[in-house]
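**Q** What follows is a predicted structure for the sequence shown.
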Amino acid sequence: MIYRSKAPLRIGLAGGGTDVSPYSDLYGGAILNATLSLYAHASIEPLEDNTIILQGLDRREEVRFEDGARLASLPIDGRLDLLKGVYNRIRKDYGWTAKGFRLSTFVDAPAGSGLGTSSTLVVAIIGAFVEMLRLPLGEYDMAHLAYDIERRELRMAGGKQDQYAATFGGVNYMEFYKDDKVIVNPLRVKQQHLFELENNLLLYYTATSRESAKIIEVQSRNVTDKKESSIEAMHQLKTQAQLMKEALLTGRIHQIGEILDFGFREKQKMAAGISNAFIDNIYEEAKKAGATGGKISGAGGGGFMTFYCPGVSKYGVIEILNRLGGHCQPYQFTGHGLTTWTM
């Protein structure tokens, strides 16, 4: 049998960065995000012998442990560490001793893209193990477990929104507090408003990637060091999340470009490296072509950007963006989160 799972990637629409400690612990964070028809996939196939095979198919990486069942844990050494980290934690928490298996993964967007690829992959891997072992874990349990593995055990810097977006799916307003308290508020956005947002919101890959951990570490240090300009910018982004929620729920879709533009300006004040001359040029060219606002996905520095293009302006914006070396990514919003099944 093969145990499969998939979890959706996400775009953050507002509040990005306020889910990162220590800001969320001290002041409380708020983010609005939506999941997309781009996924992280995971499959587990039991084997007859004791071999453990880990495959990152999109990365063209593979590691093998010929007598893996004898290992207390798989070594964290920079090769497919997300896969190893989940396996190690499942084995530790649930006493599972594998005879042999093949764990294969694939992500529909490149690492460093700003769509939450790493965290979503962890959620998908957990989902495959939950499906295989019939583990009694709910959505909050799986999201928190994914956060704990990635941030605490593997020590990868980042926030909390990605794990919860991937697990719950849909359009959500999320609140983050100290002691890992997270509240996921699903938004009942009218279908025609989602259609209009989907029609007008472009997802553009800049053909560059970035190492989000370094940007996030600077952001966290600015809060610890009480850098007032950075903290005030995060307060403003939390306000942006509230404004975005109100616009979506009341159907004021035409205001979204302006709300995104407000957030783009504030986010650059959070930490050095979030934007750069390359990103700024793309942003200004898109606005000249008709976009009313946009944002950098994830921590910034590269990866994907989103632009709100009212009316029929997106066609002119697409033409301009395609000249800048990247490409526009087709997508649809998805209402479901982590999905698992057995074949």
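**A** Looks like it arrived, so ask away. Quick caveat: nothing in here was measured; it's all calculated off a predicted structure.

**Q** give me every residue that touches the most centrally placed residue in the chain.
**A** Centrality entry for the chain: nearest residue to the mean C-alpha point is residue 116, 2.0 Å, by Cα atoms, centre = their mean. The contact partners of residue 116, by Cβ atoms under 8 Å, 6 or more residues apart in numbering, come to 9-10, 161-162, 165-166, 298. Every residue, glycine included, has its C-beta placed from N, CA and C.

**Q** May I have stretch 190-208 exported as CSV, CA atoms only?
**A** Taking C-alpha atoms only, stretch 190-208 is exported to CSV below (Å, rounded to 0.1, in the frame of the first residue of the first chain):
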residue,chain,number,x,y,z
LYS,A,190,-18.7,35.5,-0.5
GLN,A,191,-17.8,33.4,-3.6
GLN,A,192,-18.1,36.3,-6.0
HIS,A,193,-15.7,38.3,-3.9
LEU,A,194,-13.2,35.5,-4.0
PHE,A,195,-13.6,35.1,-7.7
GLU,A,196,-12.9,38.9,-8.1
LEU,A,197,-9.9,38.7,-5.9
GLU,A,198,-8.6,35.7,-7.8
ASN,A,199,-9.2,37.4,-11.1
ASN,A,200,-7.4,40.6,-10.1
LEU,A,201,-4.5,39.2,-8.0
LEU,A,202,-1.4,38.3,-9.9
LEU,A,203,1.2,35.8,-8.6
TYR,A,204,4.6,36.7,-10.0
TYR,A,205,7.8,34.7,-9.6
THR,A,206,10.8,36.9,-9.7
ALA,A,207,13.1,34.0,-10.8
THR,A,208,15.1,34.6,-7.7
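
**Q** got the buried residues for that stretch?
**A** 193-194, 196-197, 200-206, 208 (16 or more other Cβ atoms under 10 Å).

**Q** so where is the stretch 201-343 of the chain shaky, pLDDT-wise?
**A** Residues of the stretch 201-343 of the chain meeting the criterion pLDDT under 70: 209-214, 271-273, 298-301.

**Q** all helices of it, in order?
**A** Using DSSP state H, counting those that start in this stretch, the helices of the stretch 201-343 of the chain run over 212-224, 228-250, 256-267, 277-288, 314-322.

**Q** go on, the stretch 1-150 of the chain?
**A** Using DSSP H, counting those that start in this stretch, helices in the stretch 1-150 of the chain cover 23-27, 81-94, 117-133, 139-147.

**Q** where's the first one relative to the chain centroid, distance-wise?
**A** Translated: helix 23-27. 20 Å (Cα atoms, centre = their mean, to the nearest Å).

**Q** who does it touch, helix- and strand-wise?
**A** helix 212-224, helix 228-250 (3 or more Cβ pairs under 8 Å, 6 or more residues apart in numbering; DSSP states H and E).

**Q** quick check, distance from stretch 276-291 to the centre of its chain.
**A** Relative to its parent chain, stretch 276-291 has a centroid offset of 23 Å by Cα atoms, centre = their mean.

**Q** Could you double-check that residue 326 sits in contact with residue 278?
**A** No - with contacts counted by Cβ atoms under 8 Å, residue 326 stays clear of residue 278, the gap being 10.4 Å.

**Q** Near residue 89, how many other residues are there?
**A** 20 (other Cβ atoms under 10 Å).

**Q** sec struct for the residue lying closest to residue 151 once chain neighbours are set aside, please.
**A** Nearest non-adjacent residue to residue 151, counting by Cβ to Cβ, 6 or more residues apart in numbering: residue 158, 6.3 Å away. The three-state label given to residue 158 by DSSP: H, G, I helix; E, B strand; the rest coil is coil.
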